[in-house]
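# Fold the stuff below for me.
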Amino acid sequence: MAVIEAKNIKKSYGKNETKFDALKGVDLKVEKGESVAIIGKSGSGKSTFMHILALLDQPTSGDIYLNGKNVTSIRKKVLNKTRNEEFGFVFQQFFMNAKDTVLNNVLLPLKIGGISGSKRKKMALDALKAVGLEDKVQNKANNLSGGQKQRVCIARALVNNPQIIFADEPTGNLDSKNSREIVDLLKLTQRKYKQTLIMITHDERIAMQADRIIVIEDGQIKKDEVLHK
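Got it, this is the predicted structure:
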């Protein structure tokens, strides 16, 4: 069974003469443990598609299935709980509290999930150790380099042991050396924790490191190729 599946996803904005079809009937199955890179030019629909897969946006029509269950129109409270427990997010913009400590930034999803104080601290420390930042626990986030900030974001994404990591242009603000390190780290942690990685990128060199590459053009999948078994 696919861990996540999209069936005939369509997304439109505006009406009548201003109507724009961002997605035009997209189908995708992603198996547990796969790493998938979705690439396409600006305006191709790739980010819209990821936001719908990650339940951050709703399609105009079509369905999203998580572990075989239709989650397209679940209630907001259930939706938020599902996202917090099942998904981890790594974005191009770090979305961190710059004045707070590294540890507190990583703790946030666990606080939202109602995990007890002592348990959540251990989980956060384990996640920071997994990304090599155990020595930065009490540092303020704004005192870190760009590469270190993205490592914190990966730790925050990992901390709940989610099924799926969604990475939206995770190397967009990094130089080439840090970009390679971040993608290597995402792949390493994905394999270690047997998670599924869905990554949006405009960089074909980064995309080629995934198990599978999806090319979106004009709101449709133009290529779906397995690169690594």
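
# Where do the strands of this structure begin and end?
For the chain, the strands defined by DSSP state E occupy 4-13, 20-30, 35-39, 61-66, 69-70, 87-91, 164-168, 196-201, 212-217, 220-226.

# Tell me the gap between the fifth one and the middle of its chain.
The gap between the average C-alpha position of strand 69-70 and the chain average comes to 20 Å, counting by Cα atoms, centre = their mean, to the nearest Å.

# One more: the third one?
For strand 35-39, the gap between its own C-alpha mean and the chain's C-alpha mean amounts to 11 Å (Cα atoms, centre = their mean).

# do the fourth one as well
Chain-centre distance of strand 61-66: 17 Å, with Cα atoms, centre = their mean.

# Give me the buried positions along that strand.
Within strand 61-66, the residues that qualify as buried are 62, 64-66, counting by 16 or more other Cβ atoms under 10 Å. For glycine as for every other residue, the C-beta is placed from the backbone atoms N, C-alpha and C.

# helices and strands around it, which ones?
When contacts are defined as 3 or more Cβ pairs under 8 Å, 6 or more residues apart in numbering; DSSP states H and E, strand 61-66 sits against strand 4-13.

# Mind putting the buried residues of strand 61-66 into JSON lines with pLDDT and distance to residue 97?
Below are the buried residues of strand 61-66 laid out as JSON lines (pLDDT from 0 to 100; distance: Cβ to Cβ, whole Å):
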{"residue": "62", "pLDDT": "97", "distance to residue 97": "36"}
{"residue": "64", "pLDDT": "97", "distance to residue 97": "30"}
{"residue": "65", "pLDDT": "97", "distance to residue 97": "34"}
{"residue": "66", "pLDDT": "97", "distance to residue 97": "29"}
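
# Can you say which two of these are spatially most distant?
62 and 66 (14.2 Å; Cβ to Cβ).

# Bridged to the most centrally placed residue in the chain, which residues?
Centroid-nearest residue in the chain, with Cα atoms, centre = their mean: residue 166, separated by 1.1 Å. Residue 166 has these beta-bridge partners by DSSP bridges: residue 89, residue 198.

# quick one: contacts for it?
With contact set as Cβ atoms under 8 Å, 6 or more residues apart in numbering, residue 166 has these partners: 50, 53-54, 87-90, 198-199.

# Would you mind measuring from residue 68 to residue 51?
Here residue 68 is placed at a distance of 22 Å from residue 51 (Cβ to Cβ, to the nearest Å).

# More neighbours: which of the two?
Counted by other Cβ atoms under 10 Å, residue 68 and residue 51 do not tie: residue 51 has more neighbours, with 17 against 10.

# mind listing what that one touches?
If you count contacts by Cβ under 8 Å, 6+ apart, residue 51 has them with residue 57.

# Check which residues of stretch 181-200 are buried.
Within stretch 181-200, the residues scored as buried using 16+ other Cβ under 10 Å are 181-183, 185-187, 189-190, 193, 195-200.

# Can you read off the pLDDT for the closest residue to residue 107 other than its chain neighbours?
Nearest non-adjacent residue to residue 107, counting by Cβ to Cβ, 6 or more residues apart in numbering: residue 124, 4.9 Å away. Looking at residue 124, its pLDDT is 92.

# Tell me if I'm right that residue 124 and residue 102 touch.
No. Residue 124 sits out of contact with residue 102 when judged by Cβ atoms under 8 Å, with a separation of 9.1 Å.

# Thank you kindly, that will do.
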